[in-house]
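1. let me see the structure of the following:
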Amino acid sequence: MKFVMFTAAVVAGSKPEQIHIALGPSPTSMAVQWSQETTSLTKVKYGPNADKLEWTADTAVYPFTDGGSEKHLNTHHVARMTSLSPSEEYFYKVGNKADGWSDVFSFSAAPTQETIKFPVRFGIWGDMGIANASAILSEVTDVIDNGKSFDMILHVGDFAYNMDNDNGHLGDHFMNDIQHIATKIPYMVDVGNHEVAYGFSHYTERFRLIGDSFAPRDYPTVSSSDGDGFNNWFYSHDYANVHFVAISTEIYFNYADTDLLKNQYDFIDADLKLVDRAKTPWVVVHGHRPCYCSCDDDCGDDAALTREGVDGKFGLEELLHKHNVDLYIAGHEHNYERMFDVYKNETTKTTTNPKETIHIITGDAGGPEGHEVFTLAQPERTAFRTDGFGYSEMTVYNDTHLHWQQFQGEDKNDKMFGNAAVIDQFWLVNENH
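-> Numbering: from 1, shown residues only. Presented below is the predicted three-dimensional model:
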């Protein structure tokens, strides 16, 4: 199936749209969120048989009004499918009888340690808008529809460009654009700088399902112009034998003078301290802005702020070093840059049993700002870089071997082509997590 650009708007008494799933707090659950204007109760119906959706879960309803002049309303419905058998396939639909049901979609429940089926594949990208993203989404859609699916998607910030544009309608369109993917595969996220409008309210509200499942116990809520919402700015979860920690690098730039910066730092430190490397040997931290890059002025003071913190406090790099984090994945720069093991700008240029974190920027999924070319010399720490549109794939084969590939969807003349080509790949081998 080819990617289709949707342009439907939410209307009173509408059928469900903007449907997407995300991991639940355990492999026995999966969360779902959608938008639907209705005065009737909604629910999700699900089960192991597409023809007999015998289980139901009620929804929590969250009206969200965009901060623009139109005061555009989206009513978000959040539900959690529970009592799932890990790694098994399930079918579901959302909505109600009065205003209509969605199509029936399917997903596979997350695995436990006992049900992991290697290899485990993650699709990873950042900085995806509507303009210039259609070819990448079409390519990913074809991959999924042709049986080589991902187990989880990770989008490292910056959505739609911007979700608040056109009084929030652009955000609606973007969520519909990813629906074909995000109804089948858990779509996990972190927040970027382009979500800043109205106190990051569009991100907070459109991904409530993640905060509902993973909001840290000690820091359960965040505040936006729409009021308090579940904390989906920093959180953590496991998938198979990988522990993921999502952070908000925007806190360094927008909340540096508040307790939020220390709260996030303390959360990351405490969370990584509790990781059981016997169960989840791979540890991935992801945020929107990079700690290191080599394209332009972003790679000076801005990268240093994320890396070193405010006045030398709460810097991310020391946490990555302290807890032996395997990968730090970012976007923000509209290009792809893969680095070796890096700590304090020093590298041993290895991907076999590295003692420091591998840094990767994958911010080239396509947006209206186009490419971000490399204007600085390539540093020793960088193994490969390019500024073409593309996406990344991380495949975990076992507890010690991980394979990374970068797919590019255009040639050197900026002409998009049908089948993305692998332009970079490497094996990360770590026997000493």
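2. report the spatially nearest residue to the most far-flung residue of the chain relative to its centre, omitting neighbours in sequence.
-> Distance from the C-alpha centroid of the chain, by CA atoms, centre = their mean, peaks at Ala98 (33.3 Å). Nearest-residue entry for Ala98: Ser40, 4.1 Å, with adjacent residues in sequence omitted and distances by CB to CB, 6 or more residues apart in numbering. The C-beta positions use only the backbone N, C-alpha and C, and glycine is treated the same way.
3. now do the SS call for that neighbour.
-> Counting by DSSP: H, G, I helix; E, B strand; the rest coil, the backbone at Ser40 sits in coil.
4. one step back: quick one: the residue farthest from the centre of the chain and Lys43, what's the gap?
-> From Ala98 across to Lys43, the span is 12 Å (CB to CB, to the nearest Å).
5. tell me where the model's unsure across the stretch 101-250 of the chain.
-> Within the stretch 101-250 of the chain, the ranges that satisfy pLDDT under 70 run 135.
6. what segments of it are strands?
-> 105-108, 120-125, 128-129, 152-156, 159-160, 187-190, 221-224, 227-230, 235-239, 242-246 (DSSP state E, counting those that start in this stretch).
7. show me what the fourth one is packed against.
-> Meaning strand 152-156. Contact analysis of strand 152-156 by 3 or more CB pairs under 8 Å, 6 or more residues apart in numbering; DSSP states H and E lists strand 120-125, strand 187-190, strand 327-330 as its packing neighbours.
8. out of the ones you listed, nearest to Met394?
-> strand 120-125 (4.4 Å; CB to CB).
9. residues of the closest one that come out buried?
-> Within strand 120-125, the residues scored as buried using 16 or more other CB atoms under 10 Å are 120-125.
10. before we move on, what about stretch 214-231?
-> Here stretch 214-231 shows 214-216, 219, 222, 224, 226, 229-231 as buried, counting by 16+ other CB under 10 Å.
11. could you do stretch 47-61 as well?
-> 53, 55, 57, 59.
12. quick one: which of those residues is nearest Lys262?
-> Thr59 (34.8 Å).
13. contact partners for the closest one?
-> By CB atoms under 8 Å, 6 or more residues apart in numbering, the residues touching Thr59 are 41-44, 77-79.
14. longest strand anywhere in this structure?
-> strand 416-429 (DSSP state E).
15. so which elements touch that strand?
-> Using 3+ CB pairs under 8 Å, 6+ apart, strand 416-429 is in contact with helix 134-145, strand 336-342, strand 382-386, strand 390-396, strand 401-410.
16. the ones you listed: which one's closest to Ala110?
-> Judging the helices and strands packed on strand 416-429 by CB to CB, what sits closest to Ala110 is strand 390-396, at 13.6 Å.
17. so for the closest one, mean pLDDT?
-> Averaged across strand 390-396, the pLDDT comes to 96.
18. before we move on, the earlier item: would a markdown table of the buried residues of strand 120-125 with distance to Ser392 be doable?
-> Converted to a markdown table, the buried residues of strand 120-125 look like this (distance: CB to CB, whole Å):
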| residue | distance to Ser392 |
| --- | --- |
| Val120 | 15 |
| Arg121 | 11 |
| Phe122 | 8 |
| Gly123 | 8 |
| Ile124 | 4 |
| Trp125 | 6 |
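19. nearest to His401, of these?
-> Val120 (11.6 Å).
20. contact partners for that closest one?
-> Here Val120 is in contact with 111, 151, 239-242, 395-396 (CB under 8 Å, 6+ apart).
21. many thanks, we can stop here.
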